[in-house]
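1. I would like the atomic coordinates for the input below:
(one chain, ligands or ions: 2)
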Amino acid sequence: MTFWEQIYLPEIIKGLGITSYHLTRNLFLHTAHLLGFAKARPAAVTTQYPDQRKRYADTFRGSHRLTIREDGAVRCTACFLCATACPAQCIYIEAGESPNPHVEKYPVRYEIDTLRCIYCGLCVEACPCDAIRMDTYVHPRIWGFDRRDFVENKEMLMHRSRVLAEKGREGNMDEMLAWYRQQDEQIYDPLRPELKTYTERDKPKNYAEPEKPLELEALDRHQTTNQS
Ligand code: SF4
Ligand code: SF4
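-> Ligands and ions are numbered 1, 2, ... in the order given. Next up, the predicted model:
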């Protein structure tokens, strides 16, 4: 390290300069906007999500999707390589005999427990037939009332592939945000406007407990592994 690097002074001055520049610029632009000038130039650098969204990099690892064949069937052959590679053990697959004579197996059931997923992408790397991808550009689900809300099943994962093909890279996120808005309308209680967050609110009036206990075999498999 040089003398100047050891005393950190140039870097501190550089940091103060950047902060001062943005403070002055934003103050000037906010004042100009109030007076009706320079409205096309955004003042703050904060993205007003979800009204504004940045375009994610093509390498962004979003929620999963199961790719589909030309005939609409799931491409997955239930080989279990993704579940084996998954460090969080959050993929659960049940294999069945495929109705397609050219394919040996297919997943009767395919679930990802997103509460446990760490979005590492190893499942995508492990798949030999490009059946699972994370190029949906959609964030993981952020809230729910039950563990079940965070378990993504085969139909949901295939649906994302269809939406991506039909509506493009914003389609899945649009659907997710529409779902949040819908939930918000159902949950919001005008008699209790002081409650601001979802965790403070009661369950929505139309919420029904599952009729039978949720089967989370992936969780059971993990517990069994820990006990043995
Ligand atoms: S992204 Fe990682 S943690 Fe999530 S399902 Fe795939 S392998 Fe498992
Ligand atoms: S997604 Fe790929 S790796 Fe996972 S079971 Fe299906 S074919 Fe095998």
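
2. neighbours of the closest residue to A78 other than its chain neighbours, how many?
-> Nearest non-adjacent residue to A78, counting by CB to CB, 6 or more residues apart in numbering: A95, 3.7 Å away. Just so you know, the C-beta spots here come from the backbone N, C-alpha and C atoms, and that holds for glycine as well. Neighbourhood size, A95 [other CB atoms under 10 Å]: 17.

3. output the host helix or strand of A95 as PDB, restricted to C-alpha atoms.
-> Assigned by DSSP states H and E, A95 belongs to strand 91-97. The C-alpha atoms that make up strand 91-97 are tabulated as PDB, following Å, rounded to 0.1, in the frame of the first residue of the first chain:
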ATOM      1  CA  ILE A  91     -36.800 -29.800  -5.200                       C
ATOM      2  CA  TYR A  92     -39.300 -32.600  -4.900                       C
ATOM      3  CA  ILE A  93     -40.100 -34.800  -7.900                       C
ATOM      4  CA  GLU A  94     -42.400 -37.700  -8.400                       C
ATOM      5  CA  ALA A  95     -41.600 -39.600 -11.600                       C
ATOM      6  CA  GLY A  96     -44.200 -41.400 -13.700                       C
ATOM      7  CA  GLU A  97     -44.200 -43.300 -17.000                       C
END
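
4. now do it, average pLDDT.
-> Computed over strand 91-97, the mean pLDDT rounds to 95.

5. so which elements touch it?
-> helix 81-85, strand 105-113, helix 217-227 (3 or more CB pairs under 8 Å, 6 or more residues apart in numbering; DSSP states H and E).
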